[in-house]
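Q: Provided below for reference: sequence and predicted model.
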Amino acid sequence: MRQSQLFTRTVKELPKDETSYNAQALIRAGFVDKVAAGIYSYLPLGLKVFNKIVGIIREEMDAIGGQEILMPALIPKENWVTTNRWDNFDALFRLVATDKKEYALGATHEEVVTPLAKKFIFSYRELPLAVYQIQTKFRNEKRAKAGLMRGREFSMKDLYSFHANQIDLDRYYEMVKEAYFKIYTRLGLGDQTYFTYASGGAFSKYSHEFQTITATGEDNVFICDKCRVAVNREIIKEQPFCPVCGLKELREAKAVEVGNIFKLGDKFSAPFDLCYKDQEGIDRSVVMGCYGIGPSRILGTIVEVCHDEKGIIWPENIAPFKVHLLSLKEDEAADKIYQELIKNKIEVLYDDRDLSAGEKFADADLIGCPYRVIISRKTLAADSVELKKRSLATSELIKIDNLISKLQ
RNA sequence: CGGGGUGUGGCCCAGUUGGUCUAAGGCGUCUGGUUUGGGACCAGAAGAUCGAGAGUUCAAAUCUCUCCACCCCGACCA
């Protein structure tokens, strides 16, 4: 992508009214645009990152047998009435159409997936089963805040699993847990993300969260460094202790919830009467689990975790481009290298704009591609380019002929 | 939802004891020129119903009322 053609540009001034780092950086760098409180547009750079996050999540869901579907955002009132949530779900966006029919925008999809499963699950032979979707959720949060961290419209991967019994749910639950760790590791959040014991909310008496440690997090957790697990402060009665080893000396930290997994049991299969026939021909309730990850919140979290005073430092797996190629008044040579990178399928943002070096450096630091390649009179005099990792302070001169192999 | 704060060209903002505001400056944009390894410089230009509505007044960005939006703290958060 030639930067001269890019839809967005960076801005120098911090956006007014945004104090969270992720909102400031993503808006300044042109990744997102705020439409209203908690409602954002994804611009070319931001959408590239978003799609990569979603791609990683999709691969790991497929790997544990999840089958991708897409359910509607517009959900009829009756579905919510069945589970008593039409009146009891505060954050539901309810709406009345001109023909007086009532709907709610999907805040979660148990009310759709359970009746859906009822159409295909009849026998123990069809279990277990897992379907997931990556979709936009709508929740009328009392207070949207912190950029992408808590929006009214946000993206969510929600996986739902269906089992013949609790034992099989427990088995699959562990598989999902492992898959989630793989996801966070691939997203570059592995080191600071903890499996966390939390309250079950309206679904069940307990649940597990994945919490990423960052100062801007909304949650407080107590970490056991020995077991690499955490406990959410919300379930602590008197003194915190590690639920795995019992240790009482735990480290307190701010964290953001980047995933949540629940054992639903028959909370939803019961009201929708989702049953199967077992080997004896007896009707039994399907046992369900649900598992969520918010790609939009993940995007904001990564920016909170991965940045310095100059801008974002994208983990390589999700960077909008692998390489930011800067031409310092040497467009002819830079054009050639740009074509060479494209030919070798290396994602490159090419700063071909007629701007001063300082501006190009500042933009490259702000946008945060993992590798910066500079072509100038100085480097060409040595048949070289300057290669610098965004995460490091040092740079090196390397021969143009060696650039591709160095980047592959 | 309770408390606090803020709304002025595309962006950041000055001005708010009513009067010389015909609204200043910076960024960005456009034109011309000089520059080119860390957000360069000179000259010129375009661009504003001062969040919206109502009111007070000879006179409102400035005062009053109502409403709206956004941010922060708290509560809530399936």
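A: Nice, I can see it.

Q: was I right about residue A:315 contacting residue A:306?
A: Yes. Between residue A:315 and residue A:306 there is a contact at 6.3 Å, judged by Cβ atoms under 8 Å. From N, CA and C alone the C-beta is placed, and that goes for glycine too.

Q: find residues that contact each of those two.
A: residue A:188 (Cβ atoms under 8 Å, 6 or more residues apart in numbering).

Q: alongside RNA strand B, which residues does the stretch 51-200 of chain A contribute?
A: A:85, A:88-92, A:107-108, A:139, A:141-146, A:150 (Cβ under 7 Å from any atom of the strand).

Q: go again with 6 Å.
A: Proximity of the stretch 51-200 of chain A to RNA strand B, by Cβ under 6 Å from any atom of the strand, involves residues A:85, A:89, A:90, A:91, A:108, A:142, A:143, A:144, A:145, A:146.

Q: which residues touch the first one?
A: Residues in contact with residue A:85 (Cβ under 8 Å, 6+ apart) are A:92, A:111.

Q: distance of it relative to residue A:266?
A: 16 Å (Cβ to Cβ, to the nearest Å).

Q: quick check: the gap between the residue lying closest to residue A:283 once chain neighbours are set aside and RNA strand B.
A: Leaving out its chain neighbours, the residue that sits closest to residue A:283 by Cβ to Cβ, 6 or more residues apart in numbering is residue A:275, at 4.6 Å. Going from residue A:275 to RNA strand B by Cβ to the nearest atom of the strand, to the nearest Å gives 23 Å.

Q: per-residue pLDDT, residue A:275?
A: pLDDT recorded at residue A:275 is 96.

Q: specify the beta-bridge partners of it.
A: Beta-bridge partners recorded for residue A:275 (DSSP bridges): residue A:285.

Q: now do the contacts for it.
A: A:269, A:283, A:284, A:285, A:286.

Q: do that again at 7 Å, thanks
A: A:283, A:284, A:285, A:286 (Cβ atoms under 7 Å, 6 or more residues apart in numbering).

Q: now do residue A:23
A: With Cβ under 7 Å, 6+ apart, residue A:23 has these contacts: A:146, A:147.

Q: give me that answer again for 8 Å
A: Residue A:23 neighbours (Cβ under 8 Å, 6+ apart): A:15, A:34, A:146, A:147, A:148, A:300.

Q: residue A:66 versus that one, what's the distance?
A: Taken as Cβ to Cβ, the span from residue A:23 to residue A:66 is 31 Å.

Q: kindly report the same for residue A:113.
A: If you go by Cβ to Cβ, the gap between residue A:113 and residue A:66 works out to 12 Å.
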